[in-house]
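Enquirer: What follows is a predicted structure for the sequence shown.
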Amino acid sequence: MPDQIAESVEADTAIGKFKLTGTNLNNLATFASLVLVCLVAWVLYAHAGDAKDSAKAVAAELRDANREVANALKESNREISQVLKEMSRATREQNCLLSLPQDQRQKNAETCKRISQ
């Protein structure tokens, strides 16, 4: 017949003395494990919710930042377009003036300016 070992735990607390043996100790360990598993599950659930909210906030910030960048690029493209149009007009005016003989350039400057527009 195998030797049976009676396991027990004794504790002196402010409330009083406690002594747990065999089945009581097993029940206490099972209950403590259940509480620990529930606590870990709750922490993971709460963390998942916080992470989802955080991801939504980051996505919203990125969307706003992208919108601002797109607007800045549109405005920059408009300005570049205006500069290029003005450069093109100035080039046409210059070409008109260069096509005239040197002595007529001063007289026809306004005409070339109107033609270039």
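Expert: Nice, I can see it.

Enquirer: give me the number of residues near residue 100?
Expert: 15 (other Cβ atoms under 10 Å). The C-beta positions use only the backbone N, C-alpha and C, and glycine is treated the same way.

Enquirer: And residue 106, by the same measure?
Expert: So residue 106, with other Cβ under 10 Å, has 9 neighbours.

Enquirer: Tell me the spacing between it and residue 94.
Expert: Remark: distance between residue 106 and residue 94 (Cβ to Cβ, to the nearest Å) = 14 Å.

Enquirer: Quick check, central residue of this structure?
Expert: residue 58 (3.6 Å; Cα atoms, centre = their mean).

Enquirer: Is residue 43 part of a helix or strand, or is it coil?
Expert: helix (DSSP: H, G, I helix; E, B strand; the rest coil).

Enquirer: Doesn't residue 18 belong to a helix?
Expert: No. Under three-state DSSP, residue 18 sits outside any helix and is assigned strand.

Enquirer: Give the closest residue to it in space, chain neighbours not counted.
Expert: residue 11 (4.7 Å; Cβ to Cβ, 6 or more residues apart in numbering).

Enquirer: what do you get for residue 105?
Expert: Of all residues not flanking residue 105 in the chain, residue 97 sits nearest, at 5.1 Å (Cβ to Cβ, 6+ apart).

Enquirer: and if you look at residue 89?
Expert: residue 116 (5.1 Å).

Enquirer: Do a quick rundown of the helices in the protein.
Expert: Counting by DSSP state H, the chain has helices at residues 22-99, 109-116.

Enquirer: quick one: the shortest one to helix 22-99, angle?
Expert: With axes from the mean of the first three to the mean of the last three Cα atoms, to 10 degrees applied, the angle from helix 109-116 to helix 22-99 works out at 130 degrees.

Enquirer: tell me which strands and helices helix 109-116 is in contact with?
Expert: Applying 3 or more Cβ pairs under 8 Å, 6 or more residues apart in numbering; DSSP states H and E, one finds that helix 109-116 makes contact with helix 22-99.
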